[in-house]
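Asker: Have a look at this fold, sequence not included:
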């Protein structure tokens, strides 16, 4: 539970030592203890005397550290980059209880893990569900953030009727996952209208994405669908203002739903920066990686932003 996670942090969780489980030529895999389990992180060290703070990337539902492809390595040309497997995903622990996946609980776990490997303020980017974790953590003070990038994400649902409808949708998705099995569910997930623009991608790219999603545990993902449902999380719409120019709202022009959400975010947070990649859909980093790199670097490197 969230209070347990926070109690764990206050009792000196920073004294734990991350375990290096593998080293590559340009990165290392870490296993970091948090309340209730351990998170898997991959870190690219960047230049020895990098002036920029580290950048942390949070993937979406059914993603993993692999979802970012070679973008972390490329970003590490001028800064340290840390990529996290969220609970229930990749090589992180896989709770079976929905309450373990509440968005504030996920944010507390991520904040605990990252603070052990990168003390002090860092830059954050969260995609889709990872963006919801990010906005929750920053608004609740669980994540120490310099600059914040929300890619195709939402601060929550304000309308009670919409909440009820979405809760039923996510409950049905969890049921389908448990009854159909993971591979059939992945096929249905990738066929959703939200990802229609990805059908333009090369067949080998789509097959790679299918394989990456299919390595997960169905029971853990079903619990995540129930616990991390946007219908269950707090609404952060009225708490976005203090983020000001630290926040970049990044969406694809072929994703009208999240383009509208992004426009609404900057109404609530007028000083936030807005960037739309015209020829990309929901997963900007996958569909337009060069444009993603330019937008992210421009936001992180600009002068005069609050520290």
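Answerer: In hand now; what should we look at? Computed from a prediction, not measured in an experiment: that's the story for all the values here.
Asker: low-scoring stretches of the protein, by residue?
Answerer: Flagging of the chain using pLDDT under 70 yields the residue ranges 1-16, 22, 304-307.
Asker: Strands along that one, start to end?
Answerer: 19-23, 28-34, 37-44, 55-58, 81-84, 122-127, 145-151, 247-252, 273-277 (DSSP state E).
Asker: Can I get those strands in a markdown table including distance to residue 137?
Answerer: C-beta coordinates here come from the backbone N, C-alpha and C atoms, glycine included. Listed next are those as a markdown table, based on distance: least, CB to CB, whole Å:
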| stretch | distance to residue 137 |
| --- | --- |
| strand 19-23 | 23 |
| strand 28-34 | 13 |
| strand 37-44 | 14 |
| strand 55-58 | 9 |
| strand 81-84 | 12 |
| strand 122-127 | 8 |
| strand 145-151 | 8 |
| strand 247-252 | 13 |
| strand 273-277 | 20 |
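Asker: Using TSV, please lay out these together with mean neighbour count and distance to residue 115.
Answerer: Output for these, formatted as TSV (neighbours: other CB atoms under 10 Å; distance: least, CB to CB, whole Å):
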stretch	mean neighbour count	distance to residue 115
strand 19-23	11	16
strand 28-34	20	10
strand 37-44	22	12
strand 55-58	27	11
strand 81-84	26	11
strand 122-127	27	9
strand 145-151	25	12
strand 247-252	26	21
strand 273-277	19	26
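Asker: Distance from the longest helix seen in the chain to the middle of the chain?
Answerer: Across the chain, the longest stretch assigned as helix under DSSP state H is helix 160-180. Centroid separation between helix 160-180 and its chain, computed with CA atoms, centre = their mean, to the nearest Å, is 21 Å.
Asker: same question, stretch 98-115
Answerer: Distance of stretch 98-115 from the chain centroid (CA atoms, centre = their mean) equals 11 Å.
Asker: need the contact list for the residue nearest the centre of the chain.
Answerer: By CA atoms, centre = their mean, the chain has its centre lying nearest to residue 130, at 2.0 Å. Residues near residue 130 by CB atoms under 8 Å, 6 or more residues apart in numbering: 57-60, 63, 86, 153.
Asker: ok, and the closest non-adjacent residue to it?
Answerer: Excluding the flanking residues, the one nearest residue 130 by CB to CB, 6 or more residues apart in numbering is residue 58, at 3.1 Å.
Asker: For that neighbour, give me its contacts.
Answerer: By CB under 8 Å, 6+ apart, the neighbours of residue 58 are 84, 86, 110, 124-127, 130-131, 133-134.
Asker: do the same with residue 270
Answerer: Applying CB under 8 Å, 6+ apart, the residues contacting residue 270 are residue 241.
Asker: if I look at it, how far off is residue 247?
Answerer: To residue 247, residue 270 is 11 Å away according to CB to CB, to the nearest Å.
Asker: just residue 231 next, same as before
Answerer: Applying CB to CB, one obtains 23 Å for the distance of residue 231 from residue 247.
Asker: The closest residue to residue 197 other than its chain neighbours and residue 264, how far apart?
Answerer: Spatial nearest neighbour of residue 197, excluding adjacent residues (CB to CB, 6+ apart): residue 281 at 3.0 Å. For residue 281, the distance to residue 264 equals 19 Å [CB to CB].
Asker: The two - which one has more neighbours?
Answerer: The neighbour comparison of residue 281 against residue 264 (other CB atoms under 10 Å) goes to residue 281, with 27 against 15.
Asker: what's the more buried one in contact with, if anything?
Answerer: Taking CB under 8 Å, 6+ apart as the criterion, residue 281 is in contact with 194-198, 252, 254-255, 287.
Asker: now the residue nearest to residue 93 when sequence neighbours are not counted, which residues is it bridged with?
Answerer: Nearest non-adjacent residue to residue 93, counting by CB to CB, 6+ apart: residue 37, 2.8 Å away. In this entry, residue 37 is beta-bridged to residue 34, by DSSP bridges.
Asker: contacting residues for residue 288?
Answerer: Residue 288 is in contact with 252, 277, 279-280, counting by CB under 8 Å, 6+ apart.
Asker: farthest-separated two in those?
Answerer: The largest separation in the contacts of residue 288, counting by CB to CB, is between 252 and 279 at 7.9 Å.
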